[in-house]
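K.L.:
sharing a sequence plus its predicted fold:
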Amino acid sequence: MTLTQAEFTLRRIHDLINRELDSACQKHPQFPMDIIHQVAVVGEEAGEAMRAALQLTYEDGDVDELKKELIQTAASCIRVLFKIAEGEYRAINTHPRITNNIVTNSTVTKSKPNEHLFRNQSGGRMATSDAEASQHC
């Protein structure tokens, strides 16, 4: 079977994203447990891609830098989607007008303020070593 140029390009892009995802998991094995901070990582990467696009457009920037940032953004999106698929996320409501609640897979529990910063999905202590954390990547 002969691949079209578009199919070949798509496979190369998928390969680059997968390699970046592996690299990100090794470099940053601890990943936020709450959905807001998970998506904030995506926003940070998207912001870096926007900066690279602006530099490419207005400051004689490098297209390879833009590609790199877009690959990192895609990898962070996939990482969040994996966490959601595995049920490893929490929607934490810390708005001052609303009681602190932690929503974990549709289960709401009352919490002390900021308790969510020190607990993992199952309610235990967060990983304290890279080896312990890497199993959650």
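P.N.:
Happy to help now that I have it.
K.L.:
every contact and neighbour count from this point should use C-alpha atoms.
P.N.:
Noted.
K.L.:
please pull out the lowest mean pLDDT helix or strand from the protein.
P.N.:
helix 130-134 (a mean of 41; mean pLDDT, DSSP states H and E).
K.L.:
what residue ranges in the protein score low on pLDDT?
P.N.:
Applying pLDDT under 70 to the chain picks out residues 1, 93-137.
K.L.:
ranges for the helices of it?
P.N.:
Using DSSP state H, the helices of the chain run over 5-27, 35-58, 63-85, 130-134.
K.L.:
remind me what the third one packs against, helices and strands.
P.N.:
Put plainly, it is helix 63-85. If contacts are counted by 3 or more Cα pairs under 8 Å, 6 or more residues apart in numbering; DSSP states H and E, helix 63-85 sits against helix 5-27, helix 35-58.
K.L.:
over to the second one?
P.N.:
Under the contact definition 3+ Cα pairs under 8 Å, 6+ apart, helix 35-58 sits against helix 63-85, strand 91-93.
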